[in-house]
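Asker: This is a predicted model, with the sequence first.
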Amino acid sequence: MEQYIIRGGNPLVGEVEISGAKNAALGILAAAIMTDDTVLIENLPDVRDINVLLEAMESIGVKVERITKHAVLMNSANVGEVSVDYEYIKKIRASYYLIGALLGKYKRAEVPLPGGCNIGSRPIDLHIKGFKALGAKVSIRKGFIIAEAEHLKGSHIYLDTVSVGATINIMMAAAMAEGRTIIENCAREPHVVDVANFLNSMGANIKGAGTDVIRIRGVQRLHKTEYSIIPDQIEAGTFMFAAAATKGDVMVKHVIPKHLEATTAKLLEIGCEVEEFDDAVRVVASKRLRSTNVKTLPYPGYPTDMQPQIGVTLALAAGTSIVTESIFENRFKYMDELARMGAVVRVEGNTAIITGVDKLSGARVSAPDLRAGAALVIAGLAAEGETVVDDIVYIQRGYEEFEEKLRSLGAEIERVNSDRAAQKFRLKLG
């Protein structure tokens with residue numbers, strides 16, 4: 001089993017380039033099924049979730065040609081199967097996007113209930129509600145979600161809670177439904193907008209993405225396109241907090257600063273200097289950070305996917321901070337691991353009370369999920385001594401060349417898969 005070994009204590013200094021947004025890419029790849037023409041998708045992150053989804057799509061007849069590491073040509077003209085194999089889907093959560101795409105194009109989809117990180121309940125009842133409103137019959141049989149319709153018809157849909165997945169899924173199905181669909185109380189995240197822009201580039205008629213009301217006029221067919229995915233705001237935020245926690249100075253390049261406003265605001269609150277450029281953000285932490293309070297909210301609020309990163313950083317800030325998690329109930333699993341490194345933390349329901357300490361100490365910890373895993377790496381980089389992070393398969397789901405990018409900033413980190421490799425790393429560092 002692979003793990004990270006980290007020798008902490010070095011401030012991160014330098015420049016890092018951010019990859020394409022994983023969460024946008026997953027929706028866009030699924031949406032590419034909805035045309036028989038060839039589609040070129042660029043700025044695709046080379047991470048496990050993306051590669052698993054591409055394999056799943058190939059298994060139902062999509063022709064996938066990886067032109068470069070970050071660009072793919074896709075042709076779905078010969079899709080002969082609307083049932084996706086469980087072996088692929090159990091590994092990733094966003095497999096459910098294939099339901100909306102297949103239902104929209106072929107009026108039938110059979111997709112296993114999805115997997116992914118265990119960060120809390122993420123029911124798909126809102127997705128099903130939306131598909132039914134468009135005229136589909138939806139059932140769950142033998143672990144599969146089966147959606148089918150003779151034809152889909154536009155409808156007025158109100159989402160009971162804000163859901164990124166449901167917004168994207170319903171939007172895809174409605175793009176090829178008859179007539180007009182209005183979705184209210186939509187998610188406004190940048191990757192919702194990116195999927196809408198991608199569909200529009202194929203000839204869809206979607207307006208209002210990025211607001212809480214999306215209006216869609218269905219079209220009969222979609223056509224070829226060339227599209228570049230937006231930068232990953234969560235990867236960018238992770239490196240921004242890594243700079244803060246290690247008292248570093250990092251220029252985070254190839255980003256959209258507007259997407260990072262909630263993260264930037266909190267970094268300024270705790271005492272970092274943040275300088276924005278057209279497509280870059282520089283974070284400097286030259287003095288002891290101070291405490292703050294933060295509550296996760298749907299975009300444009302503070303993102304739940306950035307909660308573990310700020311939690312780790314606040315463990316080193318002067319004073320007591322309160323972190324409230326309002327999206328996922330299991331998002332504080334990393335706190336027990338952080339306590340092993342000397343953090344003073346207490347979790348009460350959906351709130352964590354963090355009293356900052358002067359320093360963390362290296363320890364062996366385990367990544368409970370994707371974002372918490374990345375946050376524990378940040379803790380290891382800021383800690384004194386050696387930290388070993390187990391279960392890094394979670395981290396590889398969503399961060400491209402994570403250790404390579406960190407090393408380029410001066411981090412002492414190695415991915416190893418044996419005691420011998422670990423010893424070799426220790427000897428190299430002396």
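Answerer: Nice, I can see it.
Asker: and Pro298, which of the three is it?
Answerer: coil (DSSP: H, G, I helix; E, B strand; the rest coil).
Asker: what residues are up against the residue nearest to it when sequence neighbours are not counted?
Answerer: Leaving out its chain neighbours, the residue that sits closest to Pro298 by C-beta to C-beta, 6 or more residues apart in numbering is Val162, at 4.4 Å. In short, each C-beta sits where N, CA and C put it, glycine included. Taking C-beta atoms under 8 Å, 6 or more residues apart in numbering, we find Val162 in contact with 185-187, 212, 298.
Asker: Wait, a strand at Val162?
Answerer: No: with three-state DSSP as the criterion, Val162 is located in coil rather than a strand.
Asker: Now it: phi and psi?
Answerer: Note on Val162: backbone dihedrals following degrees, to the nearest 10 are phi -70, psi 120.
Asker: same thing with Val344?
Answerer: Dihedral angles (degrees, to the nearest 10) for Val344: phi -100, psi 100.
Asker: now swap in the one 4 residues further on and tell me
Answerer: Note on Glu348: its backbone torsions stand at phi -130, psi 100 [degrees, to the nearest 10].
Asker: in the stretch 301-430 of the chain, which spans are helices?
Answerer: 307-314, 334-340, 370-382, 393-396, 402-408, 419-429 (DSSP state H, counting those that start in this stretch).
Asker: any idea how far the residue lying closest to Phe241 once chain neighbours are set aside is from Tyr299?
Answerer: Spatial nearest neighbour of Phe241, chain neighbours left out: Gln309 (4.1 Å); criterion: C-beta to C-beta, 6+ apart. Taking C-beta to C-beta, to the nearest Å as the measure, Gln309 falls 16 Å from Tyr299.
Asker: for Ile168, same thing?
Answerer: 13 Å.
Asker: got the contact list for Gly430?
Answerer: Gly430 touches nothing, counting by C-beta under 8 Å, 6+ apart.
Asker: can you check Ala209 too?
Answerer: 171, 186, 192-193, 195-197.
Asker: Can you name every helix or strand that the helix or strand harbouring Ala25 contacts?
Answerer: For Ala25, the host element (DSSP states H and E) is helix 22-31. Here helix 22-31 touches strand 38-42, helix 48-59, helix 97-106, helix 164-175, helix 190-201, helix 233-245, going by 3 or more C-beta pairs under 8 Å, 6 or more residues apart in numbering; DSSP states H and E.
Asker: Out of the ones you listed, which gets nearest to Gly9?
Answerer: helix 233-245 (11.7 Å; C-beta to C-beta).
Asker: so the closest one versus helix 190-201, what angle?
Answerer: Angle, helix 233-245 to helix 190-201, by axes from the mean of the first three to the mean of the last three C-alpha atoms, to 10 degrees: 150 degrees.
Asker: And for Thr320, nearest residue in space, chain neighbours not counted?
Answerer: Thr355 (4.9 Å).
Asker: and the gap between the one you found and Asp390?
Answerer: With C-beta to C-beta as the criterion, Thr355 and Asp390 are 26 Å apart.
Asker: Could you do Gly104 as well?
Answerer: To Asp390, Gly104 is 41 Å away according to C-beta to C-beta.
Asker: between the two, who's got more neighbours?
Answerer: Between Gly104 and Asp390, counting by other C-beta atoms under 10 Å, Gly104 is the more crowded of the two (30 against 17).
Asker: I figured that one was touching Met176, is that so?
Answerer: Yes: counting by C-beta atoms under 8 Å, Gly104 does reach Met176; the two are 4.3 Å apart.
Asker: Need the residues touching each of these two.
Answerer: 34, 152.
Asker: and the residue nearest to Thr320, how many residues sit next to it?
Answerer: Thr355: 16 neighbours (other C-beta under 10 Å).
Asker: residues in contact with it?
Answerer: 319-320, 344-345.
Asker: Return the subset of the residues you listed lying in strands.
Answerer: 320, 344-345 (DSSP state E).
Asker: Point out where the stretch 251-400 of the chain drops to low pLDDT.
Answerer: Low-confidence segments of the stretch 251-400 of the chain, defined by pLDDT under 70: none present.
Asker: Check the stretch 51-200 of the chain too.
Answerer: In the stretch 51-200 of the chain, residues with pLDDT under 70: 88-91, 93, 114-122.
Asker: give me that answer again for 50
Answerer: By pLDDT under 50, the low-scoring segments of the stretch 51-200 of the chain are 119-121.
Asker: Quick check: chain neighbours aside, which residue is closest to Ser388?
Answerer: One thing to correct before we go on: residue 388 is Val, not Ser. Counting by C-beta to C-beta, 6+ apart, the residue nearest Val388 is Arg364, at 4.4 Å.
Asker: and the one you found, how many neighbours?
Answerer: Quick note: Arg364 (other C-beta under 10 Å) scores 14 neighbours.
Asker: Val294 too?
Answerer: By the criterion of other C-beta under 10 Å, Val294 has 23 neighbours.
Asker: For the helix or strand where it lies, which helices and strands make contact with it?
Answerer: Secondary structure from DSSP H and E places Val294 in strand 293-295. The elements that strand 293-295 packs onto, with contact taken as 3+ C-beta pairs under 8 Å, 6+ apart, are strand 320-324.
Asker: Run through the neighbouring helices and strands of the strand it packs on.
Answerer: So strand 320-324, by 3+ C-beta pairs under 8 Å, 6+ apart, packs with strand 293-295, helix 307-314, strand 351-355.
Asker: surely Pro231 meets Glu17?
Answerer: No: using C-beta under 8 Å, Pro231 is not in contact with Glu17, being 9.0 Å away.
Asker: neighbour count winner among these two?
Answerer: Pro231 (24 against 17).
Asker: can you pull up the bridge partners for the more buried one?
Answerer: Under the criterion DSSP bridges, Pro231 forms beta bridges with Gly20.
Asker: Compute the inter-axis angle for the helix holding Ala25 and strand 38-42.
Answerer: Going by the same axes, to 10 degrees, helix 22-31 makes 170 degrees with strand 38-42.
Asker: Let me see the contact set for His254.
Answerer: Per C-beta under 8 Å, 6+ apart, neighbours of His254: 17-18, 231, 279-280.
Asker: Columns secondary structure and distance to Thr263 on top of these, output as JSON lines?
Answerer: Formatted as JSON lines, the contacts of His254 follow (DSSP: H, G, I helix; E, B strand; the rest coil; distance: C-beta to C-beta, whole Å):
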{"residue": "Glu17", "secondary structure": "strand", "distance to Thr263": "18"}
{"residue": "Ile18", "secondary structure": "coil", "distance to Thr263": "13"}
{"residue": "Pro231", "secondary structure": "strand", "distance to Thr263": "13"}
{"residue": "Asp279", "secondary structure": "coil", "distance to Thr263": "16"}
{"residue": "Ala280", "secondary structure": "strand", "distance to Thr263": "14"}
